[in-house]
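In: the following block contains a protein sequence and its predicted model.
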There are 2 protein chains.
Amino acid sequence: MGQASTYADAGVNIAAATRAKAEIKRLARRTFTRGVLAGGSFGGLFRLRGVRQPVLVSSIDGVGTKLKVAIAAGRHDTVGRDLVNHCVNDILVQGARPLFFLDYLALGRMDEALVAQVVRGIGRGCRENGCALIGGETAEMPGFYAPGEYDLAGCIVGVAEAGRLLPRGIRRGDLLLGLRSAGLHTNGYSLARRLLLEQAGYRLEDRLPELGATVGEALLAPHRQYWALLAPLLERRALRGMAHITGGGITENLPRILPPNCAAEIDAASWEWPPIFRVLERLGPVPLAEMRRTFNLGIGMILVVAPSKLNEVAARLRGREKFFVLGRIVPGRPEVRWR
Amino acid sequence: MGQASTYADAGVNIAAATRAKAEIKRLARRTFTRGVLAGGSFGGLFRLRGVRQPVLVSSIDGVGTKLKVAIAAGRHDTVGRDLVNHCVNDILVQGARPLFFLDYLALGRMDEALVAQVVRGIGRGCRENGCALIGGETAEMPGFYAPGEYDLAGCIVGVAEAGRLLPRGIRRGDLLLGLRSAGLHTNGYSLARRLLLEQAGYRLEDRLPELGATVGEALLAPHRQYWALLAPLLERRALRGMAHITGGGITENLPRILPPNCAAEIDAASWEWPPIFRVLERLGPVPLAEMRRTFNLGIGMILVVAPSKLNEVAARLRGREKFFVLGRIVPGRPEVRWR
């Protein structure tokens, strides 16, 4: 064209980015909690108060290939909640309360509407967890992402008193209580998509009687948050440990919190798999051991409870949450023994 | 094939992921500082000590399309440093010292060697900044990234005493000192790649006499860290503010730290652009205003210094770092006035 080159010519849409930034700011402001300080110029500021011996507990994660389903369904307001809830659960199991969150959203071409939908979901997730969205990066990366595609990651920072980190004191005889997941949460999507969408040839809008929902609805069910439910139990020191059941299933996640001389015995008959997992197992067919180390199988969180605290924990959960006594801690190596 | 389905069949290579994880752990351990606590099961643990009124300062960022250059050059050990240094500089300018870092690396297919290279760069960046790599996520996302491509983001958390956040007290008459960048740092790559690689048709291995380097070397010069140089000045309260010159150039970054009644007057003749920027300007041709709000033009960090502190600051920098007196703070709106 013979014209001078600008950054916009190179595929970076600065005006759209500026508008998206204003909307993100507005959505983020709605999540602000007492600790957030105004005036962060290059980074977010959070004033830490009321903790005597603070241990910062942090985690970073993505949404994984669940994003593919959201993108195919044109539904972008759930993946943000998935992300925040996943991250919050990861620090909750260490005894931490969430303080703040930062997100990274990368896309090929700035799309204000898409960015607003994604950040709305992040904002909702943050509010549900009492956690402030104090930072983020929206990266326009021409040539990295196919049109309409994006990647999303986020980082949570929380705090615990040094003496109250979990797990603490897990021993033989402790009980394992399972809390329901809401579907696959954010793990196992590469296999689930392959089985449902490629192998069986379902479309996201197909309604499966067994699921009582469309395939898309079942796959996009948001990752649950357990913070509001469990924070009071943390406060009262009623738990010895918690395991967030993510990639690797119960088989690989529960051992992460076991001391060297403890195994977890799980009674496979103590709960029923939700229909989506039966469908996936049948479609493969997926071997049982593979199901157990890929999917959460309907259990999103496991609590380790001393027998003497069972009544207190049950009283808190009753009427709020159905739970399953999955098994107990037994002597052995840190592993899951399925019975 | 009639065989049962497993997660690995769906394109997720668990064994390679496990090996990569072990290498990441080893590299991360080399960055550990006093604050890191062992035993984080689902998230990283960092014990905060010696701060009376802690303000946590955090930032999340990516490497942007500089990654494309690294990928094309098959050189993956520099982008991690870029990322850490960019993030550390963002919180340094608010007066914070870095505590810990978490990274997010997403790729289409697990590649242990590539992951190890990337994380080695992150680890080096962390060690240079006295910052611990305490968490990360390596996401295998089949179908999201083209073969050999990946995205990389990271989150830094640092701390400052509440009373010592920057900027603080910037006023008319303060001096603006510029510190050199080492090339483009991590901004303006979409335009730079277009001009050099598409428009001019250079290859990364082409040596340009003006640059005294190949195009690839010039483009991959790592983002500088200023932490080690500037931490003593922070400690002595010798600075009123700092601006990290990233996307938006001096034009857009310097105003971010200016109070409502202050402008920044910059003498454009006070330093020379490094050759890479002259080449880019000429290739466009890129209008001067566009150069100024896209690239750092050789200035990676600007310090705001009270005249009474100039000698102290100059004494610290002398022999360690060449600096330029770029201009001064004048009455006005928060904007840059180029002279």
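Out: Perfect, I can see it now.

In: quick one, strands of the stretch 51-200 of chain A?
Out: Residue ranges of the strands in the stretch 51-200 of chain A, as given by DSSP state E, counting those that start in this stretch, are A:54-62, A:97-107, A:132-140, A:150-161, A:175-180.

In: mean pLDDT for those strands - can I get that in JSON lines?
Out: Converted to JSON lines, these look like this (pLDDT from 0 to 100):
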{"stretch": "strand A:54-62", "mean pLDDT": "97"}
{"stretch": "strand A:97-107", "mean pLDDT": "97"}
{"stretch": "strand A:132-140", "mean pLDDT": "94"}
{"stretch": "strand A:150-161", "mean pLDDT": "97"}
{"stretch": "strand A:175-180", "mean pLDDT": "98"}
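
In: just tell me which of those ends up closest to B:Arg318.
Out: Closest of the strands of the stretch 51-200 of chain A to B:Arg318 is strand A:132-140, at 35.3 Å (criterion: C-beta to C-beta). (C-beta placed from N, C-alpha, C; glycine too.)

In: does chain B have contacts with that closest one?
Out: Yes: Strand A:132-140 lies within reach of chain B by C-beta under 8 Å from any C-beta of the partner chain, at A:134-137, A:139-140.

In: now the two most distant members of these.
Out: A:Ile134 and A:Glu140 (21.7 Å).

In: of the two, who's got more company?
Out: Looking at A:Ile134 and A:Glu140 with other C-beta atoms under 10 Å in any protein chain shown, you find the greater number of neighbours at A:Ile134, namely 28 against 24.

In: OK, contacts around that one?
Out: Shown in contact with A:Ile134 (C-beta atoms under 8 Å, 6 or more residues apart in numbering or on different chains): A:28, A:32, A:36, A:40, A:44-46, A:100-102, B:58.

In: again with A:Gly148
Out: A:71, A:108, A:111, A:114.

In: now with 7 Å?
Out: Counting by C-beta atoms under 7 Å, 6 or more residues apart in numbering or on different chains, A:Gly148 touches A:Ile71.

In: gap between the residue in the stretch 201-339 of chain A that chain B sits nearest to and A:Pro274?
Out: Residue of the stretch 201-339 of chain A nearest chain B, by C-beta to the nearest C-beta: A:Gly284 (3.7 Å). From A:Gly284 over to A:Pro274 the distance is 17 Å, taken as C-beta to C-beta, to the nearest Å.

In: by mean pLDDT, which helix or strand of chain A comes out lowest?
Out: When the helices and strands of chain A are compared on mean pLDDT, DSSP states H and E, helix A:14-29 comes out lowest with a mean of 87.

In: return the distance of that helix from the chain's centre.
Out: 25 Å (C-alpha atoms, centre = their mean, to the nearest Å).

In: domain parsing for chain A?
Out: A:14-164, A:175-338 (automatic domain parsing).

In: could you pull up the residues touching the residue most central in space within chain A?
Out: Centroid-nearest residue in chain A: A:His86, 1.4 Å away (criterion: C-alpha atoms, centre = their mean). Going by C-beta under 7 Å, 6+ apart, A:His86 touches A:61, A:185-186, A:223, A:246.

In: in helices, which of the residues you listed appear?
Out: Taking DSSP state H, every one of the contacts of A:His86 sits outside helices.

In: pretty sure A:Gly136 contacts B:Ile60?
Out: Yes: proximity of A:Gly136 to B:Ile60 meets the contact threshold set by C-beta atoms under 7 Å, at 6.3 Å.

In: A:Tyr145 and chain B, how far apart?
Out: Distance of A:Tyr145 to chain B, given as C-beta to the nearest C-beta, to the nearest Å: 8 Å.

In: what about the closest residue to that residue other than its chain neighbours, neighbour count?
Out: Sequence neighbours aside, A:Gly108 is the residue nearest to A:Tyr145 in space, at 3.7 Å (criterion: C-beta to C-beta, 6 or more residues apart in numbering or on different chains). The number of residues packed near A:Gly108 is 17, by other C-beta under 10 Å.

In: pretty sure A:Gly108 sits against A:Leu114.
Out: No: judged on C-beta under 7 Å, A:Gly108 makes no contact with A:Leu114 at a distance of 10.7 Å.

In: could you report the distance from A:Arg19 to B:Asp151?
Out: Taken as C-beta to C-beta, the span from A:Arg19 to B:Asp151 is 24 Å.

In: between these two, which one's more packed in?
Out: For A:Arg19 and B:Asp151, the more surrounded residue by other C-beta under 10 Å is B:Asp151, and the numbers stand at 25 against 15.

In: okay, now the nearest residue to that one once chain neighbours are set aside: neighbour count?
Out: The shortest distance from B:Asp151 to any non-neighbouring residue, by C-beta to C-beta, 6+ apart, is to B:Ala106 (4.9 Å). By the criterion of other C-beta under 10 Å, B:Ala106 has 23 neighbours.

In: for B:Ala106, give the beta-bridge partners.
Out: B:Ala139, B:Asp151 (DSSP bridges).
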